[in-house]
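> sequence and computational prediction follow.
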Amino acid sequence: MLGTGDMTAVVFENELNHQLNQYVSIGGGLGFGQSNKGVFTHASFSQLHSGIFISPFGNERKNDFRIGAGLTWYWVSDFYISTEASTNGQLVYREYTFDKRSSAGFSITLENTYALSDK
């Protein structure tokens, strides 16, 4: 079921945007994340994404409302307990499963940026 294996992650992400004109900009970014559920479940990931953004009201540098679409590629590696056995309450066997996978994704973004000053 969707959501049964979700983990909260700490993510570090950098993004770079370039304005082509008053109405169109492009961007790309790189992110890294890590999540732990105790000492027995761990996941880490990295992602690379790019996108194009349209500013339907124009970008006058003070307020910029943008609608965007983009592609993302991510890599995930995780490990978790797959088998565990106990006798009389004592742990006698534990087996871990390690998994690496990658996938592509598509994103739609609604974003509003408001500048407090010209700088």
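Yep, it's here. Numbering: from 1, shown residues only.
> run through who's touching stretch 10-17.
Stretch 10-17 is contacted from outside by 25, 26, 27, 28, 29, 30, 31, 32, 33, 34, 35, 53, using Cβ atoms under 8 Å, 6 or more residues apart in numbering. (Each C-beta comes from the backbone N, C-alpha and C, glycine too.)
> which of the residues in it are buried?
Using 16 or more other Cβ atoms under 10 Å as the test for burial, stretch 10-17 gives residue 17.
> avg pLDDT for that stretch?
The average of the pLDDT scores along stretch 10-17 is 90.
> and for stretch 32-49?
84.
> show me the helices in this protein, by range?
Taking DSSP state H, the chain contains no helices at all.
> low-confidence regions, it specifically.
1-6, 38-40, 119 (pLDDT under 70).
> give me the phi and psi for the residue of the chain positioned farthest from its centre.
Distance from the C-alpha centroid of the chain peaks at residue 88, with 42.5 Å (Cα atoms, centre = their mean). With angles defined as degrees, to the nearest 10, residue 88 sits at phi 50, psi 40.
> check residue 22 too.
phi -70, psi -20.
> you'd agree it is up against residue 57?
No. Residue 22 is beyond contact range of residue 57, at 9.7 Å (criterion: Cβ atoms under 8 Å).
> please enumerate the shared neighbours of those two.
With Cβ under 8 Å, 6+ apart as the test, residue 22 and residue 57 reach no residue in common.
> circling back to that earlier point, of the contacts of stretch 10-17, which pair is most distant in space?
With Cβ to Cβ as the measure, no two of the contacts of stretch 10-17 lie farther apart than 25 and 35, at 31.2 Å.
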